[in-house]
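[1] pasting a predicted model and its sequence here:
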Amino acid sequence: MSDSSPAFPPIDRGSVRRRLAVERASTSARIAALSRDFDGIVEANALVAVDDEHDPEGSSTAFERAHVASLLAQASDHLAELDRALERLERGAYGRCERCGEPIPAERLEVRPAATTCVPCAAGRLR
């Protein structure tokens, strides 16, 4: 299937690059905010002698710290996915499924601009 076929319309590289840049900036801002939150939690705990096992607030503080750390890891992973999407765009591979080579629907790329698989391959991966 050629890139100019109706099933795989040409990609406006400039538009995709801008969309990825906006998403990347948003994700970077989220990482910065979560990092500040995490640092604040750690700093607040350092000021108090907390025994997580016996302090009734300790377990909720530990949960909050773990929750923010998890969100931070997810945001960092998403940033790496966006960087890989930019690399695929530069190589001319953006918008093609990495598993089967078929086009990734524009609607999927709109929702998940860093998507690497088409819907059927993504569904198969979850099973």
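    Yep, it's here.
[2] return the residues in contact with the residue sitting nearest the centre point of the chain.
    Central residue of the chain (CA atoms, centre = their mean): residue 78, 1.9 Å from the mean position. The contact partners of residue 78, taken as CB atoms under 8 Å, 6 or more residues apart in numbering, are 27, 114. From N, CA and C alone the C-beta is placed, and that goes for glycine too.
[3] if I pick the residue nearest to residue 38 when sequence neighbours are not counted, what's in contact with it?
    Nearest residue to residue 38 in three dimensions, chain neighbours excluded: residue 68, at 4.8 Å (CB to CB, 6 or more residues apart in numbering). Listed by CB under 8 Å, 6+ apart, the contact partners of residue 68 are 34, 37-38, 41.
[4] including secondary structure, could those go into a markdown table?
    Compiled in a markdown table, the contacts of residue 68 are given as follows (DSSP: H, G, I helix; E, B strand; the rest coil):
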| residue | secondary structure |
| --- | --- |
| 34 | helix |
| 37 | helix |
| 38 | helix |
| 41 | helix |
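[5] need the worst-confidence member of those.
    Across these, the bottom pLDDT score, 89, is held by residue 41.
[6] pretty sure that residue sits against residue 66.
    No - contact criterion CB atoms under 8 Å: residue 41 and residue 66 do not qualify, at 9.9 Å.
[7] neighbour-wise, which of the two wins?
    A count of neighbours by other CB atoms under 10 Å puts residue 41 above the other of residue 41 and residue 66, at 18 against 11.
[8] pLDDT value on the residue nearest to the centre of the chain, please?
    Looking at residue 78, its pLDDT reads 97.
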